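Participant: give me a model of this one.
(one chain, ligands or ions: 1)
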Amino acid sequence: MVRNRDTQDRFKEISISEFFEKNKHILGFDSPQKSMFMVVKEALDNSLDACEENSILPDISVSIRKDHTDQYTVTVEDNGPGINRQEIPKVFGQLLYGSRFHRLRQTRGQQGIGITAAILYGQITTGKVSNVKSKIAGDEVAFEFRLGINVKDNTANIVEEKPVIWNRVSGTSVSIPLRGKYQVGRQSIFEYLKETAVSNPNMQLLFTDPDNRKYIFNRALEVPSKPSVPVKPYPLGLEMGEVQSMAKESHEKSMWSFLTSDFNRISRNLASEILKLAGIEENKDPRQITLHEISALREAFTKVKMMPPPTDCLSPLGEEFIIKGLKNVYEDHHPSFYCRPVIRKASVYNGNPFAVEAGLVYGGDIRGDDQVRIVRYANKVPLLYQPGACAITRAISETDWRSYGLEQRQGTGIPFGPAIIFVHVYGVRLPYTSESKEAIANVEAIMEEIKLAMKIMGRSLKSFMNKKDKRQKINEKFRLVQSLIPEIARKAASIVNEDQPAVGPIISKIANVVFIKENTVQRDDSMEIEVEIINYSGEERSFTLYASPPTGDVPEEGISWNIDNLLPSESRKVSFTMKGKFIDYAGTDYYFKGIDPVYVQGGELLPSDWNVKSVKIEEGETQDEQ
Ligand SMILES: Nc1ncnc2c1ncn2[C@@H]1O[C@H](COP(=O)(O)OP(=O)(O)OP(=O)(O)O)[C@@H](O)[C@H]1O
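Facilitator: Sure, this is the predicted structure:
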């Protein structure tokens with residue numbers, strides 16, 4: 001058939017770059033503010049991935065220079081491994097070119113789009129090219145490129161390329177001119193850097209804002225991150241099309257070796273068992289497999305006993321960093337309940353392992369009249385945009401929080417109350433709602449895991465609330481007993497003209513608590529604080545007592561004492577001194593560990609964030625532009 005001229009003119013192939021040039025919002029470049037955020041995020045995520053893959057302690061600088069009213073230059077420089085001279089034009093000037101798409105491992109980047117899209121955005125909005133400098137360890141010189149993108153054929157447009165001396169062992173620096181808007185607040189670059197510092201405690205980061213103000217996010221951990229381990233696809237959860245392309249692209253000659261070599265968790269015996277169940281010859285060429293056989297194979301996968309997916313390829317944040325991530329949000333507030341972080345075991349989505357970890361704090365002086373705050377992370381990257389589209393928000397909304405004590409109209413929707421919920425989903429090839437990776441797609445398996453984590457935390461929140469009610473009742477009883485018994489004893493003794501009896505054992509019998517109280521003596525240049533611990537219970541008690549004075553010279557690790565074998569009716573005293581004069585002394589907070597809170601008066605259970613430091617940000621001097 002001969003096409004007429006009109007039809008030939010109407011049909012035209014477009015390159016991927018051309019497509020994104022016209023549809024940059026798909027990559028997250030929608031408003032000037034958001035676009036600048038995306039550029040910083042893409043470059044910083046790459047720097048962190050590069051350092052992690054090479055076990056390098058990341059030393060990164062991010063700077064935003066204001067060039068004109070809405071024109072800026074974003075520069076991100078790292079001490080990563082650097083990039084080969086030949087690779088630079090492809091990495092930065094060609095969309096869908098990267099080192100991660102064809103390898104299954106937990107990384108921030110996965111598509112080979114991010115940094116080229118950022119350069120393309122800069123080119124579209126300013127007409128200018130970007131500057132890339134990179135050096136590999138051992139090389140004498142770095143290579144500097146000024147380059148943009150030929151959108152018609154998705155290749156780099158190299159304007160200049162030259163060797164330069166760079167006083168670094170290795171690293172990469174990317175400078176992108178762009179139209180943008182710099183803002184502070186919840187969805188800002190600064191917030192993103194702060195949350196990234198929480199999930200990457202070994203990163204040292206220097207940030208220079210458009211007013212040339214410098215902020216140093218100090219490294220809290222001197223250990224480089226371990227590179228994530230590449231994995232093969234896990235058989236369960238793979239779609240028909242995925243098994244089909246794996247079979248087509250396999251280098252193996254037989255179905256038996258295809259199963260044992262290209263999949264995870266299929267041993268030699270298991271491969272034979274699967275093929276027998278599916279009715280497929282062991283020697284069959286995988287490229288010859290029919291759709292009917294693929295279907296039988298997938299069914300056989302579900303019938304055999306398979307080990308769960310490997311978890312060593314996954315890298316969680318861990319308990320301490322979840323607590324730190326939460327602290328980063330509530331800052332100086334004091335929650336009354338710290339739920340022990342929940343770290344779920346690995347699960348699979350489309351043959352790729354993933355896992356969920358979560359944390360929750362509640363009460364105290366956290367604001368309670370609004371919806372709970374949700375802090376989202378995916379593969380250690382904070383998610384600040386598209387909360388409504390994200391599986392994390394959706395799973396939280398679909399959990400019935402009313403049964404756990406939070407307010408929620410009709411049992412669905414984001415609950416209301418003084419709580420912050422932290423969720424980190426991490427895994428190999430996470431499914432995002434779009435290329436901009438702002439929200440995790442509502443995939444059933446992932447939603448289920450998040451919901452399970454919420455249920456576990458919900459149950460401990462409920463049990464805390466029940467205990468709180470019980471404690472309140474005991475407190476009231478204790479207050480009553482403590483004021484009434486000595487009074488009754490005094491009156492009774494005076495009536496019968498006898499000495500007043502010791503009331504301690506009587507109070508113990510009724511109250512059944514350990515009582516913590518303090519006495520203070522202000523001296524000229526210091527204050528002496530004596531803490532008395534009285535066992536008004538019928539049993540010997542042992543626990544650790546912690547003090548958190550409101551001001552003063554407190555040691556880094558806090559103040560603590562072991563109160564061992566405190567006998568019934570026994571009173572013990574400990575003390576500490578605070579240097580200085582304290583006219584408005586508001587009282588020290590006492591905490592304890594190792595004893596049921598129901599049996600203590602005058603203190604609280606030791607919070608999980610005791611000794612967990614917030615991200616340390618030093619503010620530098622504003623420097624004059626040169
Ligand atoms: N700073 C860097 N140091 C070393 N290698 C880098 C650096 N930046 C980019 N790369 C390399 O360039 C590739 C392409 O990066 P790009 O941001 O385009 O995609 P990605 O990070 O792989 O995936 P995504 O599109 O999901 O961000 C990366 O896979 C990595 O191999």
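Participant: now do the same contact list for Ala445.
Facilitator: Taking CB atoms under 8 Å, 6 or more residues apart in numbering as the contact definition, Ala445 lies against 237, 347-349, 354. C-beta coordinates here come from the backbone N, C-alpha and C atoms, glycine included.
Participant: check contacts around the residue nearest to Met38 when sequence neighbours are not counted.
Facilitator: Closest residue to Met38 apart from its sequence neighbours, by CB to CB, 6 or more residues apart in numbering: Gly28 at 4.6 Å. By CB under 8 Å, 6+ apart, Gly28 lies in contact with 34-35, 38, 385, 434-438.
Participant: which residue comes closest to whatever residue of the stretch 201-350 of the chain ends up closest to the ligand once chain neighbours are left out?
Facilitator: Nearest residue of the stretch 201-350 of the chain to the ligand: Pro227, at 12.8 Å (CB to the nearest ligand atom). Once its chain neighbours are removed from consideration, Pro227 has its nearest residue in Glu53; the separation is 4.9 Å (CB to CB, 6+ apart).
Participant: and the one you found, what does it touch?
Facilitator: When contacts are counted by CB under 8 Å, 6+ apart, Glu53 is found next to 81, 107, 227.
Participant: next up, phi/psi of it, please.
Facilitator: phi -60, psi -20 (degrees, to the nearest 10).
Participant: how close does it sit to Ile563?
Facilitator: Taking CB to CB, to the nearest Å as the measure, Glu53 falls 49 Å from Ile563.
Participant: ok, now Tyr432?
Facilitator: Separation of Tyr432 from Ile563 (CB to CB): 51 Å.
Participant: tally up the residues packed near the residue of the stretch 501-626 of the chain found nearest the ligand, please.
Facilitator: When scored by CB to the nearest ligand atom, the stretch 501-626 of the chain has Val615 as its residue closest to the ligand, at 22.5 Å. Under the neighbour criterion other CB atoms under 10 Å, Val615 is assigned a count of 19.
Participant: give me the element Leu270 is part of.
Facilitator: According to DSSP states H and E, Leu270 maps onto helix 268-278.
Participant: which other residues reach that helix?
Facilitator: Outside of helix 268-278, the residues that reach it under the criterion CB under 8 Å, 6+ apart are 255-256, 259-260, 266, 281-282, 293, 296-297, 299-301, 303-304, 306.
Participant: Gly388 belongs to a helix?
Facilitator: Yes: secondary structure of Gly388, determined by DSSP: H, G, I helix; E, B strand; the rest coil: located in a helix.
Participant: per-residue confidence at the residue nearest to Met38?
Facilitator: According to the prediction, Gly28 has pLDDT 82.
Participant: distance of it relative to the ligand?
Facilitator: Summarising the geometry, the distance separating Gly28 from the ligand, computed by CB to the nearest ligand atom, to the nearest Å, is 11 Å.
Participant: the residue in the stretch 51-200 of the chain that the ligand sits nearest to: how many residues sit nearby?
Facilitator: With CB to the nearest ligand atom as the measure, the residue in the stretch 51-200 of the chain that lies nearest the ligand is Gly109; the distance is 2.0 Å. Counted with other CB under 10 Å, the burial measure for Gly109 works out to 21 neighbours.
Participant: quick one, grab the pLDDT at Gly504.
Facilitator: In the predicted model, Gly504 carries a pLDDT score of 75.
Participant: now swap in Asp553 and tell me
Facilitator: Asp553 is given a pLDDT of 63.
Participant: how long is stretch 104-116 from one end to the other?
Facilitator: Using CA to CA, to the nearest Å, one end of stretch 104-116 lies 21 Å from the other.
Participant: how far is it from where the chain is centred?
Facilitator: Its chain's C-alpha centre and that of stretch 104-116 lie 18 Å apart, by CA atoms, centre = their mean, to the nearest Å.
Participant: now do the contacts for the closest residue to the ligand within the stretch 351-500 of the chain.
Facilitator: Ranked by CB to the nearest ligand atom, the top residue of the stretch 351-500 of the chain for proximity to the ligand is Lys437, at 6.3 Å. Applying CB under 8 Å, 6+ apart, one finds that Lys437 lies in contact with 28, 378, 381.
Participant: quick check, nearest of these to Tyr536?
Facilitator: Ranked by distance to Tyr536 (CB to CB), the contacts of Lys437 are led by Ala378 at 50.6 Å.
Participant: next, work out how far apart that closest one and Ile446 are.
Facilitator: Remark: distance between Ala378 and Ile446 (CB to CB) = 10 Å.
Participant: what does the pLDDT read for Ala439?
Facilitator: According to the model, Ala439 scores 96 on pLDDT.
Participant: tell me the SS of Lys509?
Facilitator: When the structure is split into helix, strand and coil by three-state DSSP, Lys509 lands in helix.
Participant: so who does it touch?
Facilitator: Residues in contact with Lys509, defined by CB under 8 Å, 6+ apart, are Gly538.
Participant: that one and Phe29, how far apart?
Facilitator: 72 Å.
Participant: verify the contact between Glu438 and Ile392 for me.
Facilitator: No: judged on CB atoms under 8 Å, Glu438 makes no contact with Ile392 at a distance of 11.6 Å.
Participant: before we move on, back to that, does the residue of the stretch 51-200 of the chain closest to the ligand count as helix, strand or coil?
Facilitator: Following three-state DSSP, the label given to Gly109 is coil.
Participant: against Tyr349, how distant is it?
Facilitator: Using CB to CB, one gets 19 Å for the distance from Gly109 to Tyr349.
Participant: close to the ligand: what parts of this structure are there?
Facilitator: Applying the criterion CB under 6 Å from any ligand atom, the portion of the chain that neighbours the ligand consists of 42, 46-47, 50, 78, 80-81, 83, 91, 98-100, 109-116, 172.
Participant: buried subset of these as a PyMOL selection?
Facilitator: Buried members of these can be picked out in PyMOL with the line below, counting by 16 or more other CB atoms under 10 Å:
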select buried, resi 42+46+47+50+78+80+81+83+91+98+100+109+110+111+112+113+114+115+116+172
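Participant: just the residues of the chain next to the ligand: which are in helices?
Facilitator: 42, 46-47, 50, 91, 114-116 (DSSP state H).
Participant: quick one, longest helix in the protein?
Facilitator: Secondary structure assigned by DSSP H gives helix 444-496 as the longest helix of the chain.
Participant: now do that helix: distance to the chain's middle.
Facilitator: With CA atoms, centre = their mean as the basis, helix 444-496 stands 32 Å off its chain's centre.
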